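Chemist: curious how this folds, go ahead:
(one chain, ligands or ions: 1)
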Amino acid sequence: MRFQQQVEKPPEVSLKIWTCDSDECNGWMRDNFKSDEKPNCPLCGHAMIEDEKTLPVLENFSAVSLKKNK
Ligand SMILES: [Zn+2]
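Modeler: Modelled structure (predicted):
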């Protein structure tokens, strides 16, 4: 009998985010971070558009709760 090889991938979730509409800017923010219905980019002030981003669950978790160094 041999061991099964299990590749553990961190679970990911698809999050609603806002990305900067400017081609020269990589700015984006989480939907729960936006300060307005139509947020502007915190980096360049450009308008932002709705998008989706796949992030590891852990990272998502740290976004909605305080970051802990553990
Ligand atoms: Zn921007």
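Chemist: all contacts plus neighbour counts: C-alpha atoms, from now on.
Modeler: Noted.
Chemist: which residues of the chain fall in strands?
Modeler: Remark: strands assigned in the chain by DSSP state E are 12-20, 28-30, 48-56.
Chemist: now these as JSON lines including distance to the ion and mean neighbour count?
Modeler: JSON lines is the format used below for the strands of the chain (distance: least, C-alpha to the ion, whole Å; neighbours: other C-alpha atoms under 10 Å):
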{"stretch": "strand 12-20", "distance to the ion": "5", "mean neighbour count": "18"}
{"stretch": "strand 28-30", "distance to the ion": "7", "mean neighbour count": "19"}
{"stretch": "strand 48-56", "distance to the ion": "8", "mean neighbour count": "15"}
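Chemist: dump those to TSV, plus mean pLDDT.
Modeler: Converted to TSV, the strands of the chain look like this (pLDDT from 0 to 100):
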stretch	mean pLDDT
strand 12-20	92
strand 28-30	90
strand 48-56	91
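Chemist: quick check: residues of the chain near the ion?
Modeler: For the chain, the residues in contact with the ion (C-alpha under 5 Å from the ion) are 20, 25, 27, 41, 43, 44.
Chemist: and for the nearest residue to residue 42 once chain neighbours are set aside, the neighbour number?
Modeler: Among residues not flanking residue 42 along the chain, residue 27 sits closest, at 7.3 Å (C-alpha to C-alpha, 6 or more residues apart in numbering). Other residues lying near residue 27 total 19 when counted by other C-alpha atoms under 10 Å.
Chemist: OK, contacts around residue 27?
Modeler: Residue 27 makes contact with 19, 20, 41, 42, 43, according to C-alpha atoms under 8 Å, 6 or more residues apart in numbering.
Chemist: can I get the CA coordinates of stretch 35-51 in PDB?
Modeler: The C-alpha atoms that make up stretch 35-51 are tabulated as PDB, following Å, rounded to 0.1, in the frame of the first residue of the first chain:
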ATOM      1  CA  SER A  35     -16.000  54.300   1.100                       C
ATOM      2  CA  ASP A  36     -18.600  55.000  -1.500                       C
ATOM      3  CA  GLU A  37     -20.900  53.400  -4.000                       C
ATOM      4  CA  LYS A  38     -18.600  54.400  -6.800                       C
ATOM      5  CA  PRO A  39     -15.200  54.600  -5.200                       C
ATOM      6  CA  ASN A  40     -12.200  56.400  -6.700                       C
ATOM      7  CA  CYS A  41      -8.800  54.900  -6.900                       C
ATOM      8  CA  PRO A  42      -6.900  55.600  -3.700                       C
ATOM      9  CA  LEU A  43      -3.700  55.700  -5.700                       C
ATOM     10  CA  CYS A  44      -4.500  57.900  -8.600                       C
ATOM     11  CA  GLY A  45      -8.000  59.200  -8.000                       C
ATOM     12  CA  HIS A  46      -9.300  57.600 -11.200                       C
ATOM     13  CA  ALA A  47     -12.800  56.100 -11.300                       C
ATOM     14  CA  MET A  48     -13.000  52.400 -10.400                       C
ATOM     15  CA  ILE A  49     -15.000  49.600 -12.000                       C
ATOM     16  CA  GLU A  50     -16.400  46.500 -10.400                       C
ATOM     17  CA  ASP A  51     -14.500  43.300 -10.900                       C
END
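Chemist: this completes my enquiry, with thanks.
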